[in-house]
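> model this:
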Amino acid sequence: MRRLLFIYNPHAGKELLKPKLSDIIDIFVKAGFEVVVYPTQSYRDAYRKVKNFTEEYDLVVCSGGDGTIDEVVTGMMARKQRIPVGYIPTGTTNDFANSLHIPKNLLAAADNAVNGVAFPCDVGRFNEGIFVYIAAFGLFTDVSYQTEQEVKNVLGHLAYVLEGTKRLFNIPSYRIKVTHDGETIEDEFVFGMVTNSRSVAGFRNMIGKNVQFDDGVFEVTLIKTPKNPIALQEVIAALLIEQVDTKYMYSFRTGHITFESLEEIPWTLDGEFGGEHDYVEIENLQKQLEIMIQPQHVKDLSADAEPEELPGIEDLEKEKQE
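Numbering: from 1, shown residues only. Reported below is the predicted structural model:
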């Protein structure tokens, strides 16, 4: 019998997992797995559990928010022998899961975790650390880890917006030298992100539609410091309609990038605090993580196939109503 390690964060999101826990384990067992269940006890516990387990497992399945999947993947990348990861999202925004079409329904996500296919996905190296789908600095990036969990549970995505608007009149600006693919950019920035995702903080279109998850490159968006209130309004307007305004933004793709600054800048990795750094090197580790996805979405997510169009506004409205 195959063996499965199930790691879950009992406090993620609105604690949606608890009433479904028995049904989820039943799905795992019916798929032919002997299941070991581990509820996380503290911050970084999932990372330690995955990095250090010595038992033989065929699959690790985790449930929680973006922080939980980040810990599990970071732990897996630290192992010599890596195995596929399944994901049951129960967080507030679940950007990574949404991008990979992992079902929102918990039982469907559990079924996907054990009966889906292992998709070789890119991950990021951030100096000596790992991130799954986003490394970012500047405007709003500390919102996710400074917004109280209770507030997230009640307000959902609105909590991020409300917390973020408090920062608009006190925006830190950083002078950074950015180097990629033989090109150097030196400018003042209020925000920057390196992503492997079609959704960031719940916004679907900021990065562009033609994002593949195994192509060896990240999508980079850098927002220049507005010089006056009108420029600030235009930047915010571009963010709200989820479009890149080239007057104020740089947007490109790369597999390797460095950021150098005179001062240490706080970064966030997958919504968690990633430390303060005056030098950051980010490298795409192509196809080094196997994540379980539904077979019908392989064509859409892979660079080897033509990408499908993301849903339009009508589709999204229909999805909300359902």
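> burial of the nearest residue to E188 once chain neighbours are set aside, as a residue count?
Setting aside the residues directly before and after it, E188 is nearest to T225 in space (C-beta to C-beta, 6 or more residues apart in numbering), at 3.9 Å. In this view, the C-beta of every residue, glycine as well, is placed from N, C-alpha and C. Counted by other C-beta atoms under 10 Å, the residues lying close to T225 total 20.
> residue contacts, T225?
The contact partners of T225, taken as C-beta atoms under 8 Å, 6 or more residues apart in numbering, are I171, S173, D187, E188, F189, V190.
> can you pick out the most distant pair from the residues you listed?
Between any two of the contacts of T225, the greatest separation by C-beta to C-beta is 15.0 Å, found for I171 and D187.
> returning to what we had before: mind putting the contacts of T225 into TSV with distance to E219 and secondary structure?
Putting the contacts of T225 into TSV (distance: C-beta to C-beta, whole Å; DSSP: H, G, I helix; E, B strand; the rest coil) gives the following:
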residue	distance to E219	secondary structure
I171	23	coil
S173	23	coil
D187	18	strand
E188	22	strand
F189	16	strand
V190	18	strand
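> which of the residues you listed count as buried?
F189, V190 (16 or more other C-beta atoms under 10 Å).
> low pLDDT regions in the chain?
13, 140-170, 199, 201-209, 236, 239-246, 305-322 (pLDDT under 70).
> ranges for the strands of it?
Along the chain, counting by DSSP state E, strands occupy 2-8, 33-39, 59-64, 85-89, 117-126, 129-131, 134-138, 174-180, 183-195, 218-224, 249-254, 256-269, 272-293.
> any chance of these in CSV, with distance to A237 too?
Rendered in CSV, the data for the strands of the chain read as follows (distance: least, C-beta to C-beta, whole Å):
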stretch, distance to A237
strand 2-8, 40
strand 33-39, 43
strand 59-64, 34
strand 85-89, 30
strand 117-126, 29
strand 129-131, 29
strand 134-138, 18
strand 174-180, 22
strand 183-195, 15
strand 218-224, 12
strand 249-254, 12
strand 256-269, 24
strand 272-293, 28
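> residues in contact with L21?
Y8.
> so the residue nearest to T74 when sequence neighbours are not counted bridges to which residues?
Beyond its immediate neighbours in the sequence, the residue positioned closest to T74 (C-beta to C-beta, 6+ apart) is I130, lying 4.3 Å away. Assessed by DSSP bridges, I130 has beta-bridge partners R125.
> per the record, what domains does the chain have?
Following automatic domain parsing, the chain resolves into domains at 2-115, 129-285.
> give me the distance between the two termini of the longest one.
Right, domain 129-285. One end of domain 129-285 to the other measures 12 Å (C-alpha to C-alpha, to the nearest Å).
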